[in-house]
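Peer 1: structural data only, the sequence is not supplied:
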DNA sequence: AAATATTTTTAGATTAGACTAAATACTATG
DNA sequence: CATAGTATTTAGTCTAATCTAAAAATATTT
Ligand SMILES: [Mn+2]
Ligand SMILES: [Mn+2]
Ligand SMILES: [Mn+2]
Ligand SMILES: [Mn+2]
């Protein structure tokens, strides 16, 4: 049985390792968790004793199979709760993260599985991220960043890379959300900004915005 | 902002003070919480510093107004979650307590209030206990114990005093639940056992059972 | 009211999780 | 490849929440 804190570390390591093929560095976790590197080192040792990570001094960590499973169980709960908050409790997609951060630690298999059933086995959360099923398996779309979409090729927004409230509310104002059809009309060579058609409206977005939107062609 | 542990103490003090007019004793909380009396003394001091309880050495504690409010906010969440688990997630009334014990600590006013709306403003939890509304006000039935019901007077089960899984499942087997109509047919003077009509069936229950069932005449 | 029993508090220790400051190991640059 | 710079670890401290053992206060019984 894990504590709330070890669970957050495992999840952070899991997410960090999605973006690197090698091991996860101490400072990268320190930044994610909001703790000092020395605290992270301590935790790496604890997790290593529990065989949830492989840790060698100065070499960072990687999750063991058991560590991945534990992390996925948290991710599963996190995304199911986010889905619930949006679909039944009138939360907007930019408000759910902080609450799901707490709810993900509730220990009850029955609760998790019944919640999943109640939501009718959702496959993706409100941000387009895949939800691990009971067997911890998840199928992610073959998504690419909007920056990589060729001109005049039809695509649909299926997710966001930046989950910050600021970015999500910005997208709300631009009327871009999961499922919005997107077409790139023009790419400005000078600064890589894009003229796009999103739904019914035409608008301009910066490169920074484009590289935080996932689409499926 | 309270910690999980201080919240559990406040709730325990709140519940204990429902059964006594004087202050709440150290050992009674120690038993409820499952901690040693020395730990409880420590906590009493902490809560006293935060002005959530009035504490005098060797004299037990009583909640301040602020302490009562904090306790009621936890009770509100606990009972709303219990209701949700039973009404939407297929939990039986004997399974909800342990999970609600965790869920009651989730910090989000919006979550609590939206959950309440989603459940359509329930006034009582699955055990018949009243749910404080947003203003922390609750109206409890004018209930009495089944031991006090006169012979042949119509009544309805509205709650239970013992919330243990054992007792609740025992009632399930006897087909007694919240809302079940009850009539006392005969009271055995020898051991105070009762012959009752519960719903359609006639059955015998012990005094101990009867003094854990609340009814409204 | 004294003696005894029970309850409560104090003193001192432990553990998890965090921190700061200092030491050590890697890495990148010249 | 030496050295400066960065990342990481170690050493020592702190706080919250717990514990045990012993002391002190209160309650009960003779
Ligand atoms: Mn979390
Ligand atoms: Mn999400
Ligand atoms: Mn609790
Ligand atoms: Mn209840």
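Peer 2: Nice, thanks for sending it over. Small disclaimer: the values here were computed from a predicted structure and weren't measured. Residues are numbered from 1 along each chain as shown, chains lettered A, B, ... in the order given. Ligands and ions are numbered 1, 2, ... in the order given.

Peer 1: centre of the chain to stretch A:193-206, how far?
Peer 2: Using CA atoms, centre = their mean, to the nearest Å, the distance from the centre of stretch A:193-206 to the centre of the chain it belongs to is 24 Å.

Peer 1: mind listing what's buried in it?
Peer 2: Applying a neighbour-count criterion of 16 or more other CB atoms under 10 Å in any protein chain shown, one finds A:193-194, A:196, A:198, A:205 buried in stretch A:193-206. Using the backbone N, CA and C atoms, a C-beta is placed for each residue, glycine as well.

Peer 1: tell me the one of those residues nearest residue B:164?
Peer 2: Minimum distance to residue B:164 across those is 56.9 Å, recorded for residue A:198 (CB to CB).

Peer 1: partners of the closest one in the sheet?
Peer 2: With beta bridges defined as DSSP bridges, residue A:198 has these partners: residue A:182, residue A:201.

Peer 1: my read is that it contacts residue A:171, right?
Peer 2: No - in this structure, residue A:198 is not within contact of residue A:171 by CB atoms under 8 Å, at 9.4 Å.

Peer 1: gap between the two ends of stretch A:83-103?
Peer 2: 12 Å (CA to CA, to the nearest Å).

Peer 1: ok, and for it, which residues are buried?
Peer 2: Taking 16+ other CB under 10 Å as the neighbour-count basis, stretch A:83-103 is seen to contain the buried residues A:83-86, A:89, A:91, A:93-97, A:99-100, A:102-103.

Peer 1: got the contact list for that stretch?
Peer 2: Judged by CB atoms under 8 Å, 6 or more residues apart in numbering or on different chains, the contacts made with stretch A:83-103 from elsewhere in the structure are A:77-79, A:81-82, A:115, A:118-119, A:122, A:125-127, A:131, A:163-165, A:168-169, A:172, A:177, B:103, B:105-108, B:110-111, B:114-115, B:117-118.

Peer 1: 6 Å - rerun?
Peer 2: For stretch A:83-103, the external contacting residues (CB atoms under 6 Å, 6 or more residues apart in numbering or on different chains) are A:78, A:81-82, A:119, A:122, A:125-126, A:165, A:168-169, B:106, B:108, B:111, B:114, B:118.

Peer 1: ok now it, how far from the chain's centre?
Peer 2: The offset between the C-alpha centroid of stretch A:83-103 and the centroid of the whole chain comes to 14 Å, using CA atoms, centre = their mean.

Peer 1: tell me the helices and strands packed up against the helix or strand containing residue A:196.
Peer 2: With the criterion set as DSSP states H and E, the secondary-structure element containing residue A:196 is strand A:194-198. Contacts of strand A:194-198 with other secondary structure elements, assessed using 3 or more CB pairs under 6 Å, 6 or more residues apart in numbering or on different chains; DSSP states H and E, are made with strand A:181-187.

Peer 1: can you check what angle separates the strand it packs on from strand A:194-198?
Peer 2: Counting by axes from the mean of the first three to the mean of the last three CA atoms, to 10 degrees, strand A:181-187 lies at 160 degrees to strand A:194-198.

Peer 1: so which bits of strand A:181-187 are buried?
Peer 2: By neighbour count, with 16+ other CB under 10 Å as the criterion, the buried positions of strand A:181-187 are A:182, A:184, A:187.

Peer 1: for the second one, give its distance to residue A:149.
Peer 2: Distance of residue A:184 to residue A:149, computed by CB to CB, to the nearest Å: 5 Å.

Peer 1: same question, the first one
Peer 2: If you measure residue A:182 against residue A:149 using CB to CB, the figure is 7 Å.

Peer 1: repeat for the last one
Peer 2: Between residue A:187 and residue A:149 the computed distance is 9 Å (CB to CB).

Peer 1: in which helix or strand would I find the one residue in chain A that gets nearest to ligand 1?
Peer 2: Using CB to the ion, the single residue of chain A nearest to ligand 1 is residue A:101, 4.0 Å away. Per DSSP H and E, residue A:101 falls inside helix A:96-103.

Peer 1: what's the helix or strand following that helix packed up against?
Peer 2: On the C-terminal side of helix A:96-103, the nearest following helix or strand under DSSP H and E is helix A:109-118. Packing contacts for helix A:109-118, counted by 3+ CB pairs under 6 Å, 6+ apart, involve helix A:65-88.

Peer 1: could you give the angle of the helix it packs on to helix A:109-118?
Peer 2: With the same axes, to 10 degrees as the basis, helix A:65-88 and helix A:109-118 are set at 50 degrees to each other.

Peer 1: how big is the angle separating helix A:65-88 from helix A:96-103?
Peer 2: Here helix A:65-88 runs at 130 degrees with respect to helix A:96-103, directions being taken by the same axes, to 10 degrees.

Peer 1: figure out how far stretch A:21-40 is from the centre of its chain.
Peer 2: Averaging C-alpha coordinates over stretch A:21-40 and over its chain gives two centres that are 18 Å apart (CA atoms, centre = their mean).

Peer 1: again with stretch A:151-162
Peer 2: 16 Å.

Peer 1: how does chain A divide into domains?
Peer 2: When chain A is parsed with automatic domain parsing, its domains come out as A:4-63, A:144-216.

Peer 1: so which of those domains gets nearest DNA strand D?
Peer 2: For those, distance to DNA strand D was read as CB to the nearest atom of the strand. The smallest value, 3.1 Å, belongs to domain A:4-63.

Peer 1: the closest one near DNA strand C at all?
Peer 2: Yes - using CB under 7 Å from any atom of the strand, domain A:4-63 comes into contact with DNA strand C via A:4-6, A:33-36, A:38-39, A:42-43, A:46, A:57-58.

Peer 1: and that domain, average pLDDT?
Peer 2: Mean pLDDT, domain A:4-63: 96.

Peer 1: can you tell if it touches DNA strand D?
Peer 2: Yes - with CB under 7 Å from any atom of the strand as the criterion, DNA strand D is reached by domain A:4-63 at A:25-28, A:37-38, A:40-42, A:44-45, A:55, A:57-60.

Peer 1: got the end-to-end distance for that domain?
Peer 2: Across its full length, domain A:4-63 reaches 17 Å between end residues, using CA to CA.

Peer 1: mind listing the shared neighbours of residue A:182 and residue A:149?
Peer 2: Both residue A:182 and residue A:149 are contacted by A:155, A:215, under the criterion CB under 6 Å, 6+ apart.

Peer 1: how about the contacts made by residue A:172?
Peer 2: Not one residue lies near residue A:172 by CB under 6 Å, 6+ apart.

Peer 1: no further questions, thank you.
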